[in-house]
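Chemist: sequence first, predicted coordinates after that:
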Amino acid sequence: MDYNSSIDDFLSQVYHSLRASRRRYVIKLVAESDDELSVRTLAKEITAQEQDVSVDCATGEPYRNVYNALSQTHLSTLSDANIIIYDSKRQVVTAGSNHTLALLLSNLNEIALQTLLSQEYTDTN
């Protein structure tokens, strides 16, 4: 495998990891924490954001759905890309070796989207 192919494969994996909003939010939450985060904490924070409620009110079926999605899909995807380190036995997450890159790409994507949306708004008015 040549260098360009390796880079392409790496970038494809990282960009695939950034496709889901829940994964991007995990990346952001990990960046904001100095310690490891439990899957429960991540699920509470994501549920609160998605449901537009306080973290204390992030319970019930919405919480269970987020918790299961994180445990069964999202965290392993981020871990496979070395964006996070996911200890499935302890149910905790910390930053992986590619976390800073993923955070940067996620932030750039958000800025680009906001810029495009503001230009569309300006063009229509």
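Modeler: Alright, I've got the coordinates.

Chemist: C-alpha only now, for contacts and for neighbours.
Modeler: Will do.

Chemist: find me the pLDDT at residue 123, would you?
Modeler: pLDDT, residue 123: 68.

Chemist: could you do residue 6 as well?
Modeler: For residue 6, the predicted pLDDT is 87.

Chemist: that one: neighbour count?
Modeler: 11 (other C-alpha atoms under 10 Å).

Chemist: do you know how far it is from residue 63?
Modeler: 38 Å (C-alpha to C-alpha, to the nearest Å).

Chemist: can you give me the helices for this structure?
Modeler: 3-17, 21-32, 39-51, 60-69, 75-80, 99-124 (DSSP state H).

Chemist: which one of these lies nearest to residue 91?
Modeler: helix 39-51 (5.6 Å; C-alpha to C-alpha).

Chemist: return the set of buried residues in the closest one.
Modeler: By neighbour count on 16 or more other C-alpha atoms under 10 Å, the buried set for helix 39-51 is 39-40, 42-48.

Chemist: ok, so of the residues you listed, who is nearest residue 112?
Modeler: Checking those against residue 112 with C-alpha to C-alpha, the nearest one is residue 46 at 22.8 Å.

Chemist: my read: that closest one touches residue 24, true?
Modeler: No: taking C-alpha atoms under 8 Å as the definition, residue 46 is not a contact partner of residue 24, at 10.4 Å.
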